[in-house]
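A.B. asks: pasting the sequence and the predicted coordinates here, then a few questions.
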Amino acid sequence: MSVRDIRPPARDPTTSDLRAPSPSLSTTSGSSQKPDFRSLPAETPRLQSATSDSLHFKSYTDVTIDSNVIDTMTCPVCYGTMHTPKILPCLHNICKKCLQQHILTHVKEEIQLDLQPSSFPCPVCERTLEPPDAAVGCEKWASLFPTNHFLHTYGMILAVQREEVDCDPCARRGESTLATWWCRECSEYQCHVCKTVHGGFKIFTNHTVVPVKEIAENPQIAIPKYEPCNFHKEKVTHFCRDHRMPCCSQCLVTSHRKCDHVVTVEKQFKSVTGNHEYERLSQLLTKYEDMVIELVDSRRNIVDDLAVKRREIVEQVNAIRKEFEADLRRLENKLLEDFERFHVLEINKLNAMTTECENLGKQISNAVRLVETIYHSGSESSLINLVEKVSSECQAYEKKLREGQSTLQHVDYDFQVDHALLNVLKTTKSFGNINVKRTKQKSENIVSGAKILRTSAREVSRMRVWIAGDRGRCGVAGGAYFEDGRILVADHDNFKLKLFATTGRLLSKLVLKSKPSDLAMISPDRFIVTFPGAGGVQFIHLANNWLTEGDFVNTNRLYTSLAYSNNRIYLVCTSGISICEPNKCAEVSFIKFKDHGSSLGAPSHIRATESGLVVSDRERHAVDFFTLEGNLLQSYTAKNLLTPAGVELDHHGNVFVCCTQSSNIHHLSEAGEDPRILLSEKDGIENPEIVVFQSVGSKFFVSESKISQRDMIRIFKWR
């Protein structure tokens, strides 16, 4: 017999004698990836009420096994098809064999230390798990966890469709034989020999045995009708509402005799489906999933912020060190220059004195030679005359020698460090301290449907956008907030685009031909700006932090704002919305407000999503929500929504509206529902004009039209 590369899932011997095991309601994947509760396949098996005394599954005739099911059947440890999948308390499913090996690996150290292991981590989520019975040897823990019969049965069906299912009786004997038959009553796969033996027993005479090929064509045949009890291995027939657990006949007798609310499985199923409990559970899981995503994002943002802060501290430490080095180098140079001048003077002085002594020595030596010569060879008169002269010179020699001896000094150098510098070095114990500040972070996000409504933000800094050369006060009419912290603003009053670093340093500026009224990002290196005064729009390019002008496109209408989404540019004016292609801004279509039963008084800003458009109207004090075809869905108005200006969308599709006159920022869902006030005067906001969210991150900035605040933008961060 040839050995196949892929082994089919082996049957769980604990359920081989069951007459009718059924799939479990748990369909949790064993995959280590994040579950997506919003994308469950429409054909997921669902229990239906039976016309007889049993439950059955809806037809599988038209069901095709897609990639989602195959992924669900993949073991997260061995990445193969699960064999006897065991479901853990954290709802992850693992091969029984893989789970046992994982348990033994993690308790090995405790066993070596003669400790009694009592838990182990889940191989997927690392949650600490306890076995159902810790007193049993850890080598049997995997068997104690319940088998996911749904996945087990589905694995068998997959194996059947791959023609790789083994004969169950042969497998119990340790043999491997390809199965060709399936007994419905025994829920067992059989080879031809075992099928013959099986049919020879009188007790099995009425069993229905069908070819495996029929299961491949119609999987519903192999779906058992009942879930086996985890305690007694009998079929589950009732459900105890007091303990919220399924029961078999033995459970009813032994554990639930005194329970008041025990119903049949059929009745409980009707209650679950009738009360839409599955839908509510799915929605609840979706909300939890979004909240987890938010928590992960917040922690990643903290990691990013800490990385940025670390770079800033390193740069600050290096700057301080360089400043100290520069000051020390300056003091060193001055000291060495003064020392050099002093040294030269001393050396010159000593050299002059040495030369003078050498000349005196020459005179004395000459006198000695002269006296000796005259004494030995000269006349008496010459000697007498020389003695008188030499005696007179000796007086001069003695005088000079006494003067030299009296002025003779030993010269040495001594270096003394400035006491102030020594005190700095002695008193300074470290370069500085880096403290970790931890603050309690309260999550104030509210889950609404499948979206997260963030309701609390705090101001973290302010950035000055006025630069040298500006004509007067700034008027930030649009902008972009990059992932790395750079900020691009369109200054309406000064005819400029300005790019700032995260530290507030000006990286680049571009003087425009007219006053920009809005800016939209097409890509991180390509933007488009509206010029209502010049009757056109212009593309802007960004490369290596350098802004350059692109094509200028004349328009027939005066557009006040624009947005980019769905590979289209949307421009708004008083009469309607123009839809343009993104390359040359050529108009594809124009939506007239009057043709759709709506009219705008003074449209300020427009933003686009994948499913609709949002436009703020200063004159009507309203925010209008349109479809992409221009149909008005609804208009949002409120007493505290006065003169709406800038509109922006966050990563979740939530809408934020800056209200200049009412000095607040409104926060709505993508559908224009669940209105809330994000920031107001109590947060220091006055006359907000625009709000811009970071492309990836948790920050956003707000510009204000108040005279004293026009030269600054305020940077906020989600709590």
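C.D. replies: Everything's here; your move.
A.B. asks: so which bits of stretch 112-119 are buried?
C.D. replies: For stretch 112-119, burial by neighbour count (16 or more other CB atoms under 10 Å) applies to residue 117. All C-beta atoms are positioned from the backbone trio N, CA, C, and that covers glycine.
A.B. asks: next, residue 321: secondary structure please.
C.D. replies: Here residue 321 takes the helix state, with states given by DSSP: H, G, I helix; E, B strand; the rest coil.
A.B. asks: which residue, neighbours along the chain excluded, lies closest to it?
C.D. replies: Using CB to CB, 6 or more residues apart in numbering and skipping residues adjacent in sequence, the residue nearest residue 321 is residue 431, 7.8 Å away.
A.B. asks: quick one: the one you found and residue 324, what's the gap?
C.D. replies: Shown here: residue 431 relative to residue 324, a distance of 10 Å by CB to CB, to the nearest Å.
A.B. asks: same thing with residue 683?
C.D. replies: Applying CB to CB, the value for residue 683 to residue 324 is 41 Å.
A.B. asks: who's more crowded, these two?
C.D. replies: residue 683 (18 against 12; other CB atoms under 10 Å).
A.B. asks: where does the chain have low pLDDT?
C.D. replies: In the predicted model, the chain carries pLDDT under 70 at residues 1-71, 161-163, 221-226, 439-455, 597.
A.B. asks: tell me the domain boundaries of it?
C.D. replies: The chain breaks down into these domains under automatic domain parsing: 26-162, 281-407, 446-718.
A.B. asks: need these in TSV (columns: distance to residue 209).
C.D. replies: Listed next are these as TSV, based on distance: least, CB to CB, whole Å:
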stretch	distance to residue 209
domain 26-162	14
domain 281-407	39
domain 446-718	48
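A.B. asks: which of those domains sits most buried?
C.D. replies: domain 446-718 (a mean of 18; mean count of other CB atoms under 10 Å).
A.B. asks: next one: it to chain centre, how far?
C.D. replies: Chain-centre distance of domain 446-718: 25 Å, with CA atoms, centre = their mean, to the nearest Å.
A.B. asks: do stretch 410-428 as well
C.D. replies: Counting by CA atoms, centre = their mean, stretch 410-428 comes out at 53 Å from the chain centroid.
A.B. asks: distance between the ends of it?
C.D. replies: Stretch 410-428 has an end-to-end distance of 39 Å (CA to CA, to the nearest Å).
A.B. asks: shift numbering so it begins at 754
C.D. replies: Renumbered: residue one is now 754, and that last one reads stretch 1163-1181.
A.B. asks: show residues contacting that stretch.
C.D. replies: 1084, 1096, 1099, 1103 (CB atoms under 8 Å, 6 or more residues apart in numbering).
A.B. asks: how about the contacts made by the residue nearest to residue 1359 when sequence neighbours are not counted?
C.D. replies: The spatial neighbour of residue 1359 that comes closest, neighbours along the chain excluded (CB to CB, 6+ apart), is residue 1325 at 4.1 Å. Neighbouring residues of residue 1325 by CB under 8 Å, 6+ apart: 1312, 1313, 1314, 1315, 1331, 1353, 1356, 1358, 1359, 1368.
A.B. asks: each with direction, which strands does the helix or strand hosting the fourth one pair with?
C.D. replies: Here residue 1315, judged by DSSP states H and E, is contained in strand 1314-1318. Sheet neighbours of strand 1314-1318, with direction, are listed as strand 1321-1325 (antiparallel) (DSSP bridges).
A.B. asks: send the alpha carbons of the strand it pairs with over as PDB?
C.D. replies: Taking Å, rounded to 0.1, in the frame of the first residue of the first chain, the C-alpha atoms of strand 1321-1325 are listed here in PDB:
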ATOM      1  CA  ARG A1321     -12.100  60.600  -8.400                       C
ATOM      2  CA  ILE A1322     -11.800  64.300  -7.500                       C
ATOM      3  CA  TYR A1323     -15.000  66.000  -6.200                       C
ATOM      4  CA  LEU A1324     -15.300  69.800  -6.400                       C
ATOM      5  CA  VAL A1325     -18.200  71.700  -4.900                       C
END
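A.B. asks: next SSE downstream of it?
C.D. replies: Next element after strand 1321-1325 (DSSP H and E): strand 1329-1333.
A.B. asks: what residues does the helix or strand that that following strand is followed by touch?
C.D. replies: Per DSSP H and E, the first helix or strand lying C-terminal to strand 1329-1333 is strand 1340-1345. Outside strand 1340-1345, the residues that touch it by CB under 8 Å, 6+ apart are 1321, 1328, 1329, 1330, 1331, 1332, 1333, 1334, 1379, 1382, 1383.
A.B. asks: hmm, the last one is touching residue 1347, no?
C.D. replies: No: shown here, residue 1383 and residue 1347 do not form a contact pair, counting by CB atoms under 8 Å, at 10.7 Å.
A.B. asks: element containing residue 1097, please.
C.D. replies: Using DSSP H and E, residue 1097 falls in helix 1030-1130.
A.B. asks: elements contacting that helix?
C.D. replies: helix 1133-1160, strand 1199-1201, strand 1204-1206 (3 or more CB pairs under 8 Å, 6 or more residues apart in numbering; DSSP states H and E).
A.B. asks: would you list those in CSV and tack on distance to residue 1013?
C.D. replies: Shown next, in CSV, are these (distance: least, CB to CB, whole Å):
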stretch, distance to residue 1013
helix 1133-1160, 123
strand 1199-1201, 35
strand 1204-1206, 41
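A.B. asks: nearest to residue 849, out of these?
C.D. replies: For the helices and strands packed on helix 1030-1130, proximity to residue 849 was assessed by CB to CB; strand 1199-1201 is nearest, at 37.0 Å.
A.B. asks: list the residues that contact the spatially most central residue of the chain.
C.D. replies: With distances taken as CA atoms, centre = their mean, residue 1053 lies nearest the centre of the chain, 4.1 Å away. If a contact means CB under 8 Å, 6+ apart, then residue 1053 has no contacts.
A.B. asks: hmm, back to that, beta partners of the residue nearest to residue 1359?
C.D. replies: The partner residues for residue 1325, given DSSP bridges, come to residue 1314, residue 1330.
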